Each structure stands twice: as structure tokens, then as C-alpha cells.
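>>> here is my input; please provide its structure:
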Amino acid sequence: MNWHVFTWAVVALLLFAAEALAPGAFMLWLGFAAVAVFAMVLLIPDIPVLAQVAAFIVLSFASIQVYRTWFRGRERGSDQPNLNRRAEALVGRVVPLDQPIVNGRGRVQIADAYWEVTGPDLPAGSAVRITASRGMSLQVEPAG
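Residues are numbered from 1 along each chain as shown. Presented below is the predicted three-dimensional model:
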């Protein structure tokens, strides 16, 4: 057996293993390119090493373009897009002010967390609607 065939089989398996350990769909497509070169070398054993490497590079670029064009945009959207964006998930909620808004800055308590808020000056206890989030600060407006 030609050692080039064995080498491309090992490269393909290593790329697939890397994809399994750190999923992201990138190594998968390089693995497909390595499998294609493996098949070429298996069918035509006298291909020079430089041509094999060049074929791998070209097939890698082609397979990544196939992924980017046909598969990347078709990923299913999440039913909870703000799951790990806690501040953005609060937008639209109405909560009472814990501390008054003075000079555009105040504080609310939501569950067990205190959030800094910005908005028009209002007394403590006023109901405010969260309209946006900027980092760890929430933008509010009067709820009434």
C-alpha cells in the first residue's frame, strides 16, 4: 500500500476528530477535502506529493465555500434568542424603581440582581418600562 494513501486517511481522521472535539463545522469541510485527496491517491497512486497538497488546498477552499454558500445561512434559529443575553431579555418588562433616577441615573431590582438604569428623572417606586440595554445598564422610560 502506498504511504500517501495512509497519510491522507490519517489526515482526514485527525480533522474529523478535531471537529468532534471542537465543533464549529470548519474542520469537517477540511476533512472532506482530505477524504477526496485520499480517494484520488487511492485510485491514481502516481500523483506527485506537490499535486496532492495543491489538490487538498483547492478542495479545502472549495468545500468551505460550499459550506458558506449552502449550509451556513440555513441554520435553525433559536426559540429563545436572548437566552444568554440577560439584559436584552429584560427589554419590555415593567419594574418599579429601587432608587430614584437623579441626573439620568438610578437603580432597579429585578429578582436578586440590581441594575443601573438611565432615563428621565423619576422618584423611587415609579413604574418604568425597560426599552433597551447597553452593556450592564438598562435604558428606561415611565411605564404610564
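>>> tell me the pLDDT at residue 80?
Note on residue 80: pLDDT of 65.
>>> no no, residue 41
Model confidence at residue 41, expressed as pLDDT, equals 92.
>>> then residue 137?
Residue 137 is assigned 89 on the pLDDT scale.
>>> who's the spatially closest residue to it that is not a sequence neighbour bridged to?
Among residues not flanking residue 137 along the chain, residue 116 sits closest, at 4.8 Å (CB to CB, 6 or more residues apart in numbering). C-beta here means a position set from N, CA and C on the backbone, and glycine is covered the same way. Here residue 116 sits in beta bridges with residue 107, residue 137, going by DSSP bridges.
>>> what's the neighbour count on residue 116?
Neighbour count of residue 116, defined by other CB atoms under 10 Å: 14.
>>> same check, this time on residue 120
When counting by other CB under 10 Å, one arrives at 12 neighbours for residue 120.
>>> tell me the spacing between it and residue 137.
Using CB to CB, to the nearest Å, residue 120 is found at 15 Å from residue 137.
>>> helices of this structure, start to end?
In the chain, the segments counted as helices under DSSP state H are 3-21, 26-43, 49-66, 86-89.
>>> low pLDDT regions in the protein?
1, 25, 72-84 (pLDDT under 70).
>>> care to break it down by domain?
3-74, 86-142 (automatic domain parsing).
>>> that concludes my questions; thank you for your assistance.
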